[in-house]
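Undergrad: Take this sequence and fold it.
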Amino acid sequence: MSFKVKTIKYILKKTGFKIDYNVPAEARKSVMAFAPHTSLWDFIVGKMVFVAMGVRIKFLIKKGFFFPPLRYFLNRWGGIPVDRKHIRNLPVQVGNLIKESDEMTVLIAPEGTRKLVKSWKRGFYFVAQYANVPIFLSYLDWKTKKGGIGPAIYPSGDYEKDLEKIYDFYRGMQGKHPQKFNL
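TA: Numbers count the residues shown, from 1 in each chain. I've put the predicted structure just below:
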């Protein structure tokens, strides 16, 4: 185990976070929905959980964050810059990245923002559907201080029906700022 992983596990333990280390083999080539996403801390601690679990993720982040010196770290950590003004073909582009890779886990926050939203973005679903990969429901629950990877949803083509299963999994969880999570 590397010094980095040992350090991250130590920090998570000292801050009271527990990790569910169950990593299904299929998660190595998948879309990883990540919720709740209510603050930058949800992502930072969530990323630490993935490192501790040994799961290498890529993640979508608005291109405005890709400025020096932050760009260097985002690239190293797996960031994929997204121009929100030109996202029309984004699910196909990200789906192609997954299809062309032997292993690629793309983390997407379905809420699309850290603010309270009425409905989730559909892109994560369509990326998985296009790439023909499962959607794993990853989480960081500040109420129980637990993070990990939950069940897989295989897109059936019936978005509303599949979304209800996804909502059922996340219902009752809390982000860093519970008032910003809509379930």
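
Undergrad: Low-confidence stretches in this structure?
TA: Applying pLDDT under 70 to the chain flags the ranges 87, 112-117.

Undergrad: for it, what's the longest helix?
TA: helix 40-53 (DSSP state H).

Undergrad: Would you mind listing the buried residues in the helix or strand that comes right after that helix?
TA: Note on helix 40-53: by DSSP states H and E, the next helix or strand toward the C-terminus is strand 58-62. Using 16 or more other Cβ atoms under 10 Å as the test for burial, strand 58-62 gives Lys58, Phe59, Leu60, Ile61. The C-beta positions use only the backbone N, C-alpha and C, and glycine is treated the same way.

Undergrad: Please list all residues in contact with the first one.
TA: This means Lys58. By Cβ atoms under 8 Å, 6 or more residues apart in numbering, the residues touching Lys58 are Gly78, Gly79, Ile80, Leu97, Met104, Thr105, Val106, Leu107.

Undergrad: switch the cut-off to 10 Å
TA: When contacts are counted by Cβ atoms under 10 Å, 6 or more residues apart in numbering, Lys58 touches 32, 77-80, 94, 97-98, 101, 104-108.

Undergrad: So what does the residue nearest to Asp20 when sequence neighbours are not counted have for phi and psi?
TA: Among residues not flanking Asp20 along the chain, Gly148 sits closest, at 3.0 Å (Cβ to Cβ, 6 or more residues apart in numbering). Phi and psi for Gly148, reported as degrees, to the nearest 10, are phi 170, psi -160.

Undergrad: residues near Gly148, how many?
TA: 21 (other Cβ atoms under 10 Å).

Undergrad: same question, Leu74
TA: Residues lying near Leu74 (other Cβ under 10 Å) number 18.

Undergrad: Renumber starting at 33 from here on
TA: Got it, first residue is 33 now, which makes that one Leu106.

Undergrad: Just confirm it is within a strand.
TA: No - using DSSP: H, G, I helix; E, B strand; the rest coil, the secondary structure at Leu106 is helix, not a strand.

Undergrad: Just list the residues touching it, thanks.
TA: Contacts of Leu106 (Cβ under 10 Å, 6+ apart): Phe91, Ile93, Lys95, Phe97, Phe98, Phe99, Ile112, Pro113.

Undergrad: And for Thr137?
TA: 55, 58-64, 82, 87-91, 110, 130, 165, 168, 170, 181.

Undergrad: Of these, which belong to helices?
TA: If you go by DSSP H, these have Phe82, Ile130 in helices.

Undergrad: Any quick ChimeraX command for the buried ones out of the contacts of Thr137?
TA: With 16+ other Cβ under 10 Å as the criterion, this ChimeraX line picks the buried residues out of the contacts of Thr137:
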select :55,59,61,62,63,64,82,87,89,90,91,110,130,165,168,170,181
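
Undergrad: so is Ser151 in a helix, a strand, or just coil?
TA: Ser151 ends up coil, using three-state DSSP.
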